[in-house]
Structures are given as C-alpha cells and as structure tokens.
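S.K.: pasting the sequence and the predicted model now:
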Amino acid sequence: MTIENHDLDELFAVAADHCEIPPASLVAKILADADALQPKPAIQQHFAPRSWFATLADFFGGGLSLAGMSVAAMAGLYIGVAQPTPLVDLTNYVTGSSQSGSLELLPSTSVLWAQE
Amino acid sequence: MPRDTLAEVSNDTLLVLYANGDREAARLLTQRLTPRILGYAIRLLADRAEAEDVTQEAMLRLWKIAPNWRPGEAQVSTWIYRVVTNLCTDLRRARQRRPAVTLDDAPEVADADKGAVAGMIEADRMAALQNALAQLPERQRQAVVLRHIEGLSNPEIGQIMEIGIEAVESLTARGKRSLTALLAGRKQELGYEDEEEAEV
C-alpha cells in the first residue's frame, strides 16, 4: 500500500491545477508599490520664442553692453557730422596740418540743383 | 495602452512599458505573476502570511529593476522565481525551525462543483503533499516544486537555482523518491484505495 509513481504524479497535477488567488489587500499593496516606484516622465519645459532684440543683446554680451555700444555709435556719428571745433583743433595739432575747414564728402544739394 | 492591446504582450515588454510610465502594464504584470509566485512561496515556506510578504517583496524588486531591465537577456518569470527562491531561503535560515504544517496551511483546493467528500479527499491529499514537501531538504523541495508543480523546464530551473541541468535532474529525482517514501503507507488514508475499489 505504498504511493506509486502515478499517484504522486496525480498529486502534482492537482497541485499544479490549483491557482493561488492573491488576496485583494496584497494586490493593493503591490500596486501601491508599483505606483510609488514607477519612473515619472521628465517635466517638459516650454520655452517662449525669443525676440530678435534679446538674441542681439545676447550676441553682444547682454543688454548693458548693447546699450554702451549704441551710445558709442551715436557719439561717433555726432562727432563725424557736427565736427566740433575743439576736436578739429586737436586733430590739426596731432596731424600738424593747418586745415581749418571741414571736408565735404558729399556734394552740396545746391550744386545738384544748379546742374539742372 | 488599452488593456486589450496589452493582453498578448510579453512580460518583458510589459516591464519596459511600466518603466515608461504605463500603469496598466503594472496591473497586468501583477495579475500574471502574483498567483504563481504566491503559490510557489506557500509551497516553499508552508506559511501563507510569510509567503505574502515574500510575494510583495519580490514584486517590489521587480518594480525597482524595471528602469534597468534589458529585454531579451532574461525572462521576467525566471528572474522573479529566482528572487522568490532566494527570499524564501533567507527567511527559512533566519527563523527557527517551524512546527509541522497543519491542514490549515495547505492551499485551499475545494471545488464548488465537486462533492463535499471529494473536496475533503483532495484537501487531505494536498495537505499530505504539503507536509511531505516541507520535510524534504530545501534544494530538493525547490527543484521538485519548480519541476512538477510550477511546470518549468530543467534549464529554467537551473537558471533559477543557479545550478547545472544534471544537478536539477538529480535533485528532482531524489526529491521524488523521498516524497514517495514519506507518503508510503498513506495510500488508503489519502483515498486512492477507495477510488480503485470503486472503479472495480
């Protein structure tokens, strides 16, 4: 009256057919763990389109640099157009010339009118 | 991803989907793996509460490894069986020898469609099997349960137990012989005699 091999196989088959149903509390704990450990997608940062002025300022090293360069450019233009007397005297002193008049790079408009 | 679409997807893919933020993948993996590893842990530990703790811990480790999981390198089921095997081994080593299992520790197998007597016989048989399994040496028990109850192949068992195929075959053969010896003399008690007589 010993257990035969086929009896044992039958025991195994019954055990294999049995599906262990996990209790709801265990499933809930497992899913809570899954939720807590699930990698979250990276937060996407939305950048507003940059204005051309901001891009230009960045190119020259920031807004302050751009402002300084603008002032220098305006000053240069003023000096070039107005040719203040002290500056002309200084130029003559440095270059050793005695020219006191201004140099006309463009012909006067009156000349253009006269030609018509 | 919709549940219907995921039903056919492999465990490997589900784990990658979980790592990519798909919550349904976690639910489906739990549904697929938990009954198997809980049953396996109960057979190894003969203690349902401890088996549930081991199951939760094994699934926790699965969630943790998900971002680094490389599909195709290993099977999720083989990996988790190995985790459960190791956790059960650690647990058994950490605690004192447990008292012998009782009928209450055996998995409930009563089927509503079967008669009450047949259900009791089946419950008795499962309890006897569980008792006999509990008396096997640990490695034999693991090999026998994985081969004959979980239905895994010898190469899979080798991966889980981190041994060669010959060693698996040896462990299962010795385990089966030991079970036969442990259950010897209980044939009538387990209802086999009655069935044979009934057939005649």
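M.R.: Yep, that arrived.

S.K.: pLDDT value on A:H6, please?
M.R.: What the model reports as pLDDT for A:H6 is 79.

S.K.: what about it, how many neighbours?
M.R.: 9 (other CB atoms under 10 Å in any protein chain shown). Heads up, the C-betas are built off the backbone N, CA and C, glycines and all.

S.K.: what residues does the strand or helix carrying it touch?
M.R.: Using DSSP states H and E, A:H6 falls within helix A:5-17. Outside helix A:5-17, the residues that touch it by CB atoms under 8 Å, 6 or more residues apart in numbering or on different chains are B:43, B:107, B:109, B:122, B:125-126, B:128-129, B:148-151, B:176, B:179-180, B:183, B:187, B:190, B:192.

S.K.: tell me which of the residues you listed fall in helices.
M.R.: B:43, B:122, B:125-126, B:128-129, B:176, B:179-180, B:183, B:192 (DSSP state H).

S.K.: filtering the residues you listed by proximity to chain A, which remain?
M.R.: Of the residues in those, proximity to chain A by CB under 8 Å from any CB of the partner chain holds for B:43, B:122, B:125-126, B:128-129, B:176, B:179-180, B:183, B:192.

S.K.: a markdown table for the residues you listed, including pLDDT and neighbour count?
M.R.: Below are these laid out as a markdown table (pLDDT from 0 to 100; neighbours: other CB atoms under 10 Å in any protein chain shown):
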| residue | pLDDT | neighbour count |
| --- | --- | --- |
| B:R43 | 93 | 25 |
| B:E122 | 77 | 20 |
| B:R125 | 83 | 23 |
| B:M126 | 87 | 21 |
| B:A128 | 87 | 20 |
| B:L129 | 89 | 23 |
| B:K176 | 93 | 20 |
| B:L179 | 92 | 24 |
| B:T180 | 90 | 16 |
| B:L183 | 86 | 21 |
| B:Y192 | 66 | 20 |
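
S.K.: just curious, which of those is nearest to B:R95?
M.R.: B:R43 (16.9 Å; CB to CB).

S.K.: name the nearest residue to that closest one, ignoring sequence neighbours.
M.R.: B:V145 (4.8 Å; CB to CB, 6 or more residues apart in numbering or on different chains).

S.K.: the one you found: neighbouring residues, count only.
M.R.: 25.

S.K.: list the contacts for it?
M.R.: Counted by CB under 8 Å, 6+ apart, B:V145 has contacts B:40, B:43-44, B:133.

S.K.: what of B:L146?
M.R.: B:40, B:81, B:152, B:156-157, B:160-161.

S.K.: flag every residue of chain A that's near chain B.
M.R.: Close to chain B, as judged by CB under 8 Å from any CB, chain A has residues A:1-3, A:5, A:7-9, A:11-12, A:14-16, A:18-23, A:26-27, A:29-31, A:33-35, A:37-41.

S.K.: tell me where the model's unsure across chain A.
M.R.: Applying pLDDT under 70 to chain A picks out residues A:1-3, A:41-49, A:98-112, A:115-116.

S.K.: helices of chain A, residue ranges please.
M.R.: Counting by DSSP H, the helices of chain A are A:5-17, A:24-37, A:52-59, A:63-82, A:85-95, A:109-115.

S.K.: any chance of the ones you listed in TSV, with distance to B:L60 too?
M.R.: Below are the helices of chain A laid out as TSV (distance: least, CB to CB, whole Å):
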stretch	distance to B:L60
helix A:5-17	27
helix A:24-37	5
helix A:52-59	49
helix A:63-82	53
helix A:85-95	82
helix A:109-115	89
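
S.K.: so which of these gets nearest B:A58?
M.R.: Between the helices of chain A, helix A:24-37 lies closest to B:A58; by CB to CB that is 9.5 Å.

S.K.: burial measure for A:S97, as a count.
M.R.: 9.

S.K.: next up, the contacts around it.
M.R.: Contacts of A:S97 (CB under 8 Å, 6+ apart): A:T91.

S.K.: wait, which of the helices of chain A is closest to B:A7?
M.R.: Closest approach to B:A7 among the helices of chain A (CB to CB): helix A:24-37, 18.0 Å.

S.K.: in that closest one, what's buried?
M.R.: Within helix A:24-37, the residues that count as buried by 16 or more other CB atoms under 10 Å in any protein chain shown are A:26-27, A:29-31, A:33-34, A:37.
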